[in-house]
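S.K.: below are the sequence and a predicted model for it; my questions follow.
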Amino acid sequence: MANSVSLGIILELPYRLITMLPYQEQFIEFALKTGVLRFGEFTLKSGRLSPYFFNTGLFNSGATMLQFSRYFATSIEHSDIEFDVLFGPAYKGITLSCAVAMALSEASGKEIPFAFNRKEKKNHGEGGSMVGAELTGNVAIIDDVITAGTAIRESYAMITAAGATPSAVFLALDRQEKGQKDGVPTDTSAIQQVEAEYGMPVVAIATLADLIEYLKKQPDQQENLDRMQAYRDQYGIH
Ligand SMILES: O=P(O)(O)OC[C@H]1O[C@H](OP(=O)(O)OP(=O)(O)O)[C@H](O)[C@@H]1O
Ligand SMILES: O=C(O)c1cc(=O)[nH]c(=O)[nH]1
């Protein structure tokens, strides 16, 4: 795969179930280096106080977006999930769908049609809410994170309304934490709920488990590791 991130398939496959792959570790290091992934105290959309935060808005240069999109493309190729169109929900999904379609084309040499929506409908010119390729066949949704699953549910509705089939979700990070209903933690994560409700696989470049595994290998990160494990004990899915 020219110009892309190495999978290390031959050496790494035997360990696949018990350890993260090289590209996942490289992705975590890259997210830390760029400040996209940070440790500290952060209030989430759910109101939870988290010892870490993942802000893909900070992949905000050509070079970092290019690298990010290559990690995404590697993760998607590794999933072996086939699809016809990549759809990114506005706003962050707009740049993601475009950049990752480019990275997938670069890696595979294939046309990768992509589309996204407008948050506000356009009433002049070509009009409407959809931009890009026609939504047809199997459509994979691409986004940075799922919190409550609202963006994915809205994307599902837009894709089915266009007569296509939502078939998979590709994310940057799976926080692997319990969802919330009426302020009460649920047993499953919002991602697991989306998978069960819509029967779509959800694939992330990296997960909370990967992040914890990474921290265990860093001697100077014991304090962050302790906080992450305490957070997982409280809110993590089992
Ligand atoms: O699972 P959810 O509860 O929907 O949360 C996740 C969504 O929230 C963020 O987008 P947001 O809607 O805040 O808009 P943005 O892309 O314009 O930042 C994020 O990019 C996801 O799309
Ligand atoms: O749950 C959130 O609000 C949230 C967590 C996170 O790590 N990144 C993000 O953009 N939102």
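M.R.: Good, I have the coordinates. Given the structure is predicted, the values throughout are model-derived calculations rather than measurements. Numbers count the residues shown, from 1 in each chain. Ligands and ions are numbered 1, 2, ... in the order given.

S.K.: using CSV, write out every CA atom in stretch 127-136.
M.R.: Coordinates of each C-alpha in stretch 127-136 appear next as CSV, following Å, rounded to 0.1, in the frame of the first residue of the first chain:
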residue,chain,number,x,y,z
GLY,A,127,-30.9,23.1,-3.8
GLY,A,128,-31.4,20.4,-1.1
SER,A,129,-29.4,19.0,1.8
MET,A,130,-27.2,16.5,0.1
VAL,A,131,-23.8,17.2,-1.5
GLY,A,132,-21.6,14.9,-3.5
ALA,A,133,-22.1,11.4,-4.8
GLU,A,134,-25.6,9.9,-5.1
LEU,A,135,-26.6,7.8,-2.1
THR,A,136,-27.0,4.4,-3.6
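
S.K.: contacting residues around it?
M.R.: If you take C-beta atoms under 8 Å, 6 or more residues apart in numbering as the criterion, stretch 127-136 is touched by 84-85, 87, 97, 113-118, 121-122, 158-159, 162-164. C-beta coordinates here come from the backbone N, C-alpha and C atoms, glycine included.

S.K.: so which bits of it are buried?
M.R.: 130, 132, 133, 135 (16 or more other C-beta atoms under 10 Å).

S.K.: quick one: pLDDT of the third one?
M.R.: At residue 133 the predicted local distance difference test score is 98.

S.K.: my read is that residue 87 contacts residue 112, right?
M.R.: No: using C-beta atoms under 8 Å, residue 87 is not in contact with residue 112, being 11.6 Å away.

S.K.: in terms of neighbours, single out the busier of those two.
M.R.: Set side by side, residue 87 and residue 112 show more neighbours around residue 87, with 28 against 22, by other C-beta atoms under 10 Å.

S.K.: which element is that one on?
M.R.: Assigned by DSSP states H and E, residue 87 belongs to strand 85-88.

S.K.: residue boundaries of the strands in this structure?
M.R.: 37-43, 49-54, 85-88, 114-122, 128-132, 138-143, 165-174, 178-181, 184-189, 202-207 (DSSP state E).

S.K.: lowest average confidence across those strands, which one?
M.R.: Across the strands of the chain, strand 178-181 has the smallest mean pLDDT, namely a mean of 87.

S.K.: just checking, what packs against that one?
M.R.: strand 184-189, helix 190-198 (3 or more C-beta pairs under 8 Å, 6 or more residues apart in numbering; DSSP states H and E).

S.K.: contact partners of that strand?
M.R.: With contact meaning C-beta under 8 Å, 6+ apart, strand 178-181 is reached by 46, 148-149, 185-190, 192-193, 235-237.

S.K.: ok, 10 Å please
M.R.: Contact with strand 178-181 is made by 44-48, 146-149, 184-194, 234-238, as judged by C-beta atoms under 10 Å, 6 or more residues apart in numbering.

S.K.: which of those are buried, as a PyMOL select command?
M.R.: Buried members of these can be picked out in PyMOL with the line below, counting by 16+ other C-beta under 10 Å:
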select buried, resi 46+48+146+149+189+190+191+192+193+194+235+236+237
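
S.K.: distance check, the spatially most central residue of the chain against residue 188.
M.R.: Nearest to the mean C-alpha position of the chain, counting by C-alpha atoms, centre = their mean, stands residue 171 at 1.4 Å. Counting by C-beta to C-beta, to the nearest Å, the gap from residue 171 to residue 188 is 16 Å.

S.K.: and if you look at residue 28?
M.R.: When residue 28 is compared with residue 188 (using C-beta to C-beta), they lie 24 Å apart.

S.K.: picking that back up, for ligand 1, tell me which of the contacts of strand 178-181 show up nearby.
M.R.: When contact is defined as C-beta under 6 Å from any ligand atom, these meet ligand 1 at 146, 147, 148, 149.

S.K.: circling back to that earlier point, reformat the buried residues of stretch 127-136 as JSON lines; add distance to residue 57.
M.R.: Listed next are the buried residues of stretch 127-136 as JSON lines, based on distance: C-beta to C-beta, whole Å:
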{"residue": "130", "distance to residue 57": "23"}
{"residue": "132", "distance to residue 57": "21"}
{"residue": "133", "distance to residue 57": "25"}
{"residue": "135", "distance to residue 57": "26"}
